[in-house]
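Visitor: give me the fold of what follows.
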Amino acid sequence: MADEKGIRAFLAIDLPGDVREKIGDVQAGLKGVLEGIRWTRPEGIHLTLKFFGDIDKSTIGSISDIIEKKTKGFGPLSLAMGRMGAFPNPGRARVLWIGVEGETEKLASLQGGMEDDFETLGFARETRSFTPHLTLGRVRSSRRMITGLREAMEKIGYEKPDPFQAEGLTLFKSDLLPGGAVYTKLAYFSFGGQE
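Guide: Next up is the predicted model:
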């Protein structure tokens, strides 16, 4: 019997192993000084460009066509983990993140162009401006906030690692399971149009 449910999908830059390892080190340091946070597994952290939500399987082809068109003449990006921060802000933190630095204007231009085209398929535009970041964790309770974030960041002595090359985009399927989300690669789009 065919699966009638939609696919929960998002578009992201998959991170190299050494970047994930550094993220794990940062999280390990913060776990010792911050409480009440549900930490994102390092293997589940991506640089998300578009969250589609639940989509029909038949839409994947149209989404892929847009991504292929936009990435065809696009070269690799030099990116790096940046400063740590929080949404909405460090004083009232609900989401803890590491920013992304480097060729972010070029990345934002790519993301904005795709956002325009995705809108023609019926996907709502993101209302907030694109802020490239890697989510480290979220507060466990809606009534709590992360406190002592600035002090914690100073205490662990966070040093930014070397830049990394982003070579393409990945369309992921996300399955929400009791043990956390599991991500499956649906398609990879190399910058420049080659696999």
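Visitor: where in this structure is pLDDT low?
Guide: Residues of the chain meeting the criterion pLDDT under 70: 1-5, 142-146, 193-195.
Visitor: would you map the helices across it?
Guide: Along the chain, counting by DSSP state H, helices occupy 17-31, 60-71, 104-120, 149-156.
Visitor: can you pull the contacts of residue 63?
Guide: When contacts are counted by Cβ atoms under 8 Å, 6 or more residues apart in numbering, residue 63 is found next to 9, 11, 52, 55, 118, 121, 171. From N, CA and C alone the C-beta is placed, and that goes for glycine too.
Visitor: wait, residue 86
Guide: Residue 86 makes contact with 93-97, 146, 149, according to Cβ under 8 Å, 6+ apart.
Visitor: try 10 Å this time
Guide: Counting by Cβ atoms under 10 Å, 6 or more residues apart in numbering, residue 86 touches 92-97, 136-137, 139, 145-146, 149-150, 153.
Visitor: please report the distance of it from residue 34.
Guide: 11 Å (Cβ to Cβ, to the nearest Å).
Visitor: can you list residues touching both of those two?
Guide: In terms of Cβ under 10 Å, 6+ apart, residue 86 and residue 34 are both contacted by the residues 93, 96, 136-137, 139, 146, 149, 153.
Visitor: surely residue 103 is in contact with residue 78?
Guide: Yes - Residue 103 lies in contact with residue 78 (Cβ atoms under 10 Å); the separation is 5.4 Å.
Visitor: those two: who's more crowded?
Guide: Comparing residue 103 with residue 78 by other Cβ atoms under 10 Å, the one with more neighbours is residue 103, at 18 against 13.
Visitor: excluding sequence neighbours, find me the nearest residue to that one.
Guide: Closest residue in space to residue 103, ignoring its immediate chain neighbours: residue 77 at 4.6 Å, by Cβ to Cβ, 6 or more residues apart in numbering.
Visitor: next, count neighbours for the one you found.
Guide: Count around residue 77 with other Cβ under 10 Å applied: 21.
Visitor: wait, it touches residue 13, no?
Guide: Yes - Residue 77 is in contact with residue 13 according to Cβ under 10 Å; the separation is 8.0 Å.
Visitor: narrow the contacts of residue 86 to those in strands?
Guide: With strands taken from DSSP state E, the overlap with the contacts of residue 86 comprises 95-97, 136-137, 139.
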